[in-house]
Structures are given as structure tokens and as C-alpha cells.
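Asks: Quick one, fold the following:
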Amino acid sequence: MAVVYILLLGVTLTACWIFNDRFLEKSYLNYKKDNLMEVYHLLSEAEDYSDSSFEEEIMRLCTTYNVSFVVTDAASNTIYSSIKDPGQISMQLRDIVFARDNLEKEMISENDSYSLSFLRDPVIKSEYAVMWGNLGEDCFFMIRTPLESVRESVRMANHMLLFIGLIALILSGVVSLFVSKRITKPILELAEVSRNMAGLNFESKYTGTSKSEIGILGENMNQLSSKLEETISDLKTANLELQRDVEARRNADQRRQEFLANVSHELKTPIALIQGYAEGLKDGVIEDSESRDYYCDVIMDETKKMNHLVKRLISLNHVESGEDAMVMERFDVNELILHSMEAFEVMCEQEGITQHYVSQPGLFVWADEYQVEEVLRNYLSNAVHYCRGKKEIRVSVQRSEGHIRIVVYNSGEPIPEESLGRLWDKFYKVDKARTREYGGSGLGLSIVKAIMDSLHQAYGVRNCDDGVEFWFELETK
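Replies: Purely as a prediction, here's the structure:
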């Protein structure tokens with residue numbers, strides 16, 4: 001904008017300068033010609049040169065137009081003149097009448113009564129607009145006005161125009177740059193907002209406070225951003241519900257059969273223990289109170305484990321069947337990670353485990369916040385229960401185009417390669433003794449699998465040199 005404005009102003013000033021240089025002098029010469037004609041008409045119409053009104057009018061014209069004249073008889077005697085010493089004008093008149101070569105003439109117009117031309121007198125090096133002719137028999141006249149002042153005025157006007165034009169160009173350049181920056185700054189801000197919106201990032205908002213057309217556009221774009229974010233959230237939720245409905249019909253029967261088989265298998269052992277210890281109490285095989293308390297503790301412990309197992313099974317069944325509707329929303333997963341790690345601080349302190357995580361604010365993702373927290377807590381729970389060696393748990397976030405990967409590492413023994421592929425199966429336990437020791441049901445990773453499958457996102461596990469890493473991915477767009 002600034003460059004275009006400066007170029008336009010420069011072209012305009014150049015055109016004015018060319019027009020001034022080419023046509024101003026001609027305009028002034030025509031003006032001088034009209035001045036001479038006006039004086040001529042006054043002289044030709046005068047009946048008495050001594051009349052006071054005539055003298056007053058002719059002197060006014062001569063003063064106003066810088067004109068001088070002389071009227072002579074045939075013998076070159078002065079009859080009437082506008083100056084006290086008309087000798088030079090009379091001499092010039094004789095030179096013109098007798099066509100002497102010491103004058104350079106450029107004829108402008110000519111008729112029987114007068115001739116009009118531009119003269120250059122090489123003797124005195126002056127230029128004049130000159131009109132001469134006769135006013136009657138044996139009566140001649142000459143009227144002249146100097147032209148040097150006209151040409152000098154044109155040169156001064158051109159120099160002044162050039163000087164003022166340069167100043168105007170500089171000032172207009174500075175002003176136009178300032179104004180264009182004032183205009184382009186909010187436009188660039190709007191461009192950045194639209195670029196973020198194109199990338200499905202709706203956190204960026206227009207911050208201008210102007211009430212101009214640009215300010216109105218920025219406010220409308222802010223409203224559009226909010227509407228788009230809300231609409232995309234609804235569309236993602238609807239899309240997940242549609243996919244879940246399609247898969248639910250296909251997998252309902254299979255899940256039901258697997259659920260019944262797994263429940264039967266997992267409840268068999270605690271029920272048998274409860275039955276055995278209860279029968280022992282009933283038959284009175286235990287006589288001392290300490291043994292009876294032990295039997296009761298075993299029964300209560302197994303009952304608690306069965307209750308926990310049933311709750312986990314119900315939770316898993318809800319996720320797999322789609323009864324827990326996924327609500328897609330945009331939230332900061334960094335806060336969720338910090339909150340989840342805080343929940344395990346007491347347990348980690350009891351086990352002598354240290355947790356590490358470098359906070360990264362602004363990690364916005366699209367997912368069901370409640371279900372993602374369930375996934376992360378299952379990973380952290382496994383990490384705490386299987387942490388060995390240097391007893392360290394690290395949570396990290398890896399960014400990629402459109403996704404982030406959340407990794408939970410715990411030091412300890414690696415998982416046997418033959419067990420890596422079965423970790424996500426219901427009730428599968430690598431170390432059955434330790435799992436039973438802390439009350440694990442073997443359903444935590446199955447719940448993770450069900451949730452991540454419902455979100456249609458990747459997840460997995462891999463062995464490290466000194467531990468194990470569990471990971472899952474979430475969308476950022």
C-alpha cells in the first residue's frame with residue numbers, strides 16, 4: 001500500500017511538473033497577448049489622449065500588466081507615451097517598421113491594423129511581446145511587455161514544484177508507512193487467527209478493540225471460531241457414537257460369551273476358598289479363636305477381591321458395550337497428567353519410588369477426559385506395582401503431526417516377549433503370584449484396550465534395557 005501510494009503521488013507530481021514546464025509559459029504568453037490587445041483597443045478607441053479618464057485607465061492597465069507603449073507621427077515624434085523617456089521604444093519601433101536586422105522576431109498574428117510578435121533585442125538581451133501598427137494616417141504605435149519575468153516565473157514555479165514534490169514524497173512515504181502498518185497489523189493478526197482455525201486450533205482469538213470494519217470482521221471471526229470448535233466437538237462425538245454403534249452389533253454376542261467364561265473362571269478360585277473356610281468354621285474344625293479369626297479374614301479378603309473383580313468387570317463391560325458414551329471435548333492433558341501423578345504420590349512414597357515429569361502447559365487434545373484419565377491411572381498403577389531396581393517412574397510426552405504420545409516408564413524387569421502380545425487379554429497375568437498379592441484382577445489393561453479402541457487411537461508396550469514403557473496416543477486436531 002505504501003509503495004503504491006508513493007508511486008501514485010510521484011506520477012502525479014511528475015505529470016504536474018511536465019504540464020507546468022510545457023504549458024505554463026504558453027499560458028502566460030497568451031495572457032500577455034491579451035494584455036496587449038486590451039491596451040491596443042483602449043488606444044484605438046480614444047478620441048483625446050489628454051482626457052483625464054483615459055489617462056487614468058491607460059495608466060492603470062500599464063501598471064497592472066507591466067506594459068509600456070508609445071504613439072508617434074510619421075517623423076517619429078512622440079505624440080503620447082506611457083513613460084517619460086520613450087526614446088528606446090521609438091527606436092525599437094523604427095527598427096520594426098524599417099525591418100532592420102538587429103531584432104529577432106517570432107510573428108504571432110498580423111492584419112492591416114497591427115502586427116503581434118515576440119521580439120528579442122540582442123543589444124540589450126531582452127525579450128518582449130510587442131504589438132505595433134497604425135492608429136490612423138501618419139500615426140503609429142507600439143505596445144510592449146517584457147517576457148523575461150514570465151520565463152523566470154515558470155522556472156521558479158518548476159523549481160518550487162520539484163522541491164515541494166520531493167518533500168511531499170518523503171512525508172507521504174513516512175505517513176503511508178505508518179498508516180499502512182496500522183492497517184496491516186490487525187489484518188496480519190486476522191490472517192494468523194484464520195491460519196490457526198484452518199489447523200483446527202481455536203485457542204487463538206482476535207484481540208483488537210477497534211470498531212472499524214476490520215474490528216467487526218475480527219469479532220465475527222472470534223464467534224466463528226467458537227462455533228466451529230463447538231460444531232467439531234459435536235461431530236467428533238457423533239462420529240464416535242456412529243462407529244461404536246456399528247461395532248457394537250457385531251461384537252455384542254462375542255463379548256457376552258467371553259464375559260461369562262472369564263467371570264466363571266475368575267470367580268471359581270475365591271468361591272472355592274470361601275466355601276472351604278466356611279465349611280471348616282461350620283464343622284467346628286477350628287477350636288481356638290485365633291484360627292477362627294484367620295479363617296474369617298481369609299473369607300473377607302476373598303469377598304473383597306470378588307467385589308473388586310465384579311466392579312472391574314462391570315466397568316469393562318460398559319466400555320465395550322458402549323453404555324459409557326464417549327464425550328469428545330478439547331482439554332489440556334498436561335493438567336490431567338499432573339493430577340493423576342499426584343494421586344499416586346502417597347503410594348510411591350511408601351514404596352520408595354520417585355516420579356518424574358516435565359510439565360508442558362498447552363497440550364490440548366480431543367478425547368473423553370474421564371476415559372483418558374482411566375487409561376493413565378491404569379498405566380500408573382501397573383508402574384507402581386511392578387517398579388523395581390532404581391524404583392523410578394517417568395511420564396513423558398512426544399509430539400507429532402496431529403497427535404501426541406504419552407509414555408509411562410517404570411524401572412524393573414522386562415516383560416517376557418511371549419507375554420507382550422497377550423497383556424491386553426482379559427484376566428491375563430504375567431506374574432500371577434504378584435498380581436494376586438496386591439489384589440490385581442488382570443482387567444486393567446483390558447479396560448485400557450477397550451477405551452483406546454473406542455477412541456480409535458493407538459496404544460502399546462515395549463521393553464527397555466532397564467524397565468518397561470506403556471504408551472497411548474491422542475488427537476490434537
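
Asks: Residue 114 against residue 40, yeah?
Replies: Yes - judged on C-beta atoms under 8 Å, residue 114 makes contact with residue 40 at a distance of 6.4 Å. All C-beta atoms are positioned from the backbone trio N, CA, C, and that covers glycine.

Asks: overlap in contacts of these two?
Replies: residue 131 (C-beta atoms under 8 Å, 6 or more residues apart in numbering).

Asks: how about the helices of the stretch 151-300 of the chain, start to end?
Replies: Here the stretch 151-300 of the chain has its helices, by DSSP state H, counting those that start in this stretch, at 213-283, 289-321.

Asks: and of the ones you listed, who's closest to residue 405?
Replies: Residue 405 sits nearest to helix 213-283 of all those, at 19.6 Å, using C-beta to C-beta.

Asks: The closest one - contacts with which helices or strands?
Replies: Applying 3 or more C-beta pairs under 8 Å, 6 or more residues apart in numbering; DSSP states H and E, we find helix 213-283 packed against helix 148-198, helix 289-321, strand 329-332, helix 444-455.

Asks: okay if I get the ones you listed as CSV plus mean pLDDT, distance to residue 345 and mean neighbour count?
Replies: Listed next are those as CSV, based on pLDDT from 0 to 100; distance: least, C-beta to C-beta, whole Å; neighbours: other C-beta atoms under 10 Å:
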stretch, mean pLDDT, distance to residue 345, mean neighbour count
helix 148-198, 77, 36, 14
helix 289-321, 71, 22, 15
strand 329-332, 91, 20, 16
helix 444-455, 86, 20, 22
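
Asks: Can I get the helix or strand hosting residue 346 in PDB, CA atoms only?
Replies: Following DSSP states H and E, one finds residue 346 within helix 345-351. This file holds the C-alpha atoms of helix 345-351, laid out as PDB (Å, rounded to 0.1, in the frame of the first residue of the first chain):
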ATOM      1  CA  GLU A 345       2.300 -39.800  45.400                       C
ATOM      2  CA  VAL A 346       1.500 -41.400  48.800                       C
ATOM      3  CA  MET A 347       1.800 -45.000  47.400                       C
ATOM      4  CA  CYS A 348       5.100 -44.100  45.700                       C
ATOM      5  CA  GLU A 349       6.500 -42.600  48.900                       C
ATOM      6  CA  GLN A 350       5.500 -45.900  50.800                       C
ATOM      7  CA  GLU A 351       7.300 -47.900  48.100                       C
END
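
Asks: Give the pairing partners of the host helix or strand of residue 117; include direction for each.
Replies: Per DSSP H and E, residue 117 falls inside strand 114-121. Taking DSSP bridges as the criterion, strand 114-121 forms sheet pairs with strand 104-110 (antiparallel), strand 126-136 (antiparallel).

Asks: now the ones you listed as CSV including mean pLDDT?
Replies: Shown next, in CSV, are the strands paired with strand 114-121 (pLDDT from 0 to 100):
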stretch, mean pLDDT
strand 104-110, 77
strand 126-136, 81
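
Asks: Any idea which of those strands gets closest to residue 25?
Replies: Here strand 126-136 is closest among the strands paired with strand 114-121 (C-beta to C-beta), at 11.5 Å.

Asks: buried sites along the closest one?
Replies: For strand 126-136, the neighbour count (16 or more other C-beta atoms under 10 Å) marks 127, 128, 129, 130, 131, 132, 133, 134, 135 as buried.

Asks: Mind checking what helix or strand follows it in sequence?
Replies: On the C-terminal side of strand 126-136, the closest following helix or strand by DSSP H and E is strand 139-146.

Asks: hmm, back to that, quick one: distance of the helix holding residue 346 to the chain centre.
Replies: Distance of helix 345-351 from the chain centroid (C-alpha atoms, centre = their mean, to the nearest Å) equals 48 Å.

Asks: Stretch 183-194 now?
Replies: For stretch 183-194, the distance to the chain centre is 3 Å (C-alpha atoms, centre = their mean).

Asks: before we move on, the earlier item: got a markdown table for the helices and strands packed on helix 213-283, with distance to residue 349 too?
Replies: A markdown table is the format used below for the helices and strands packed on helix 213-283 (distance: least, C-beta to C-beta, whole Å):
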| stretch | distance to residue 349 |
| --- | --- |
| helix 148-198 | 42 |
| helix 289-321 | 23 |
| strand 329-332 | 27 |
| helix 444-455 | 22 |
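
Asks: how about the ones you listed, which one is nearest residue 238?
Replies: Within those, the stretch nearest residue 238 is strand 329-332; the backing value is 13.3 Å (C-beta to C-beta).

Asks: strands paired with that closest one, and their directions?
Replies: In the sheet, strand 329-332 lines up against strand 364-367 (antiparallel) (DSSP bridges).

Asks: The strand it pairs with: what's the following helix or strand?
Replies: Using DSSP H and E, the helix or strand that follows strand 364-367 in sequence is helix 369-385.

Asks: Helix, strand or coil: sort out the residue of the chain most remote from its centre for me.
Replies: Residue farthest from the centre of the chain, counting by C-alpha atoms, centre = their mean, is residue 75 at 90.4 Å. Classification of residue 75 using DSSP: H, G, I helix; E, B strand; the rest coil returns coil.

Asks: related to what we said a few turns ago, among the buried residues of strand 126-136, which one lies nearest to residue 464?
Replies: For the buried residues of strand 126-136, the nearest to residue 464 is residue 127 (102.6 Å; C-beta to C-beta).

Asks: Tell me how many other residues surround the spatially closest residue to the closest one that is not a sequence neighbour.
Replies: Nearest non-adjacent residue to residue 127, counting by C-beta to C-beta, 6 or more residues apart in numbering: residue 147, 4.2 Å away. By other C-beta atoms under 10 Å, 20 other residues sit near residue 147.
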